[in-house]
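Visitor: I would like to see how this sequence folds:
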Amino acid sequence: MEKTYQIRIRELREDHDLTQAKIAELLKTTQQVYSRYETGENEMPILHLITLAKFYRVSADYILGLSNRK
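Guide: Here you go, the predicted structure:
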């Protein structure tokens, strides 16, 4: 089963022992909006994808589920 970006961003956040609120602060958004990215209710903007890839030091392809290589 290929992982969706919603699963990947949740796993990355949990692996780093971070709260949704902390990641929302990094992205300059609210915890509620970030939560909707993880649940798939809202699409994540590309600028947030770039920010998360840099923050976690993984490729955007990894986050998007296009590659299993971080």
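Visitor: could you measure the residue nearest the centre of the chain against I46, distance?
Guide: Residue closest to the average C-alpha location in the chain (CA atoms, centre = their mean): I9, at 3.0 Å. Distance of I9 to I46, computed by CB to CB, to the nearest Å: 14 Å. Heads up, the C-betas are built off the backbone N, CA and C, glycines and all.
Visitor: what does Y5 give?
Guide: Relative to I46, Y5 is positioned 11 Å away (CB to CB).
Visitor: same check, this time on L66
Guide: L66 is 14 Å from I46, where distance means CB to CB.
Visitor: any weak-confidence spans in this protein?
Guide: 1 (pLDDT under 70).
Visitor: ok, R36 to L64 distance?
Guide: R36 sits 17 Å away from L64, going by CB to CB.
Visitor: how about the helices of the protein, start to end?
Guide: 5-15, 20-27, 31-39, 46-56, 60-64 (DSSP state H).
Visitor: So which elements touch the fourth one?
Guide: Read it as helix 46-56. Judged by 3 or more CB pairs under 8 Å, 6 or more residues apart in numbering; DSSP states H and E, helix 46-56 is in contact with helix 5-15, helix 20-27, helix 60-64.
Visitor: Dump the last one to PDB, keeping only the CA atoms.
Guide: What it means is helix 60-64. Only the C-alpha atoms of helix 60-64 are listed here, as PDB (Å, rounded to 0.1, in the frame of the first residue of the first chain):
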ATOM      1  CA  ALA A  60       9.100  16.300  -1.400                       C
ATOM      2  CA  ASP A  61       8.700  13.000  -3.300                       C
ATOM      3  CA  TYR A  62       9.000  11.100   0.000                       C
ATOM      4  CA  ILE A  63       6.300  13.300   1.600                       C
ATOM      5  CA  LEU A  64       4.000  12.900  -1.400                       C
END
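Visitor: What is it packed up against?
Guide: Helix 60-64 packs on helix 5-15, helix 46-56, going by 3+ CB pairs under 8 Å, 6+ apart.
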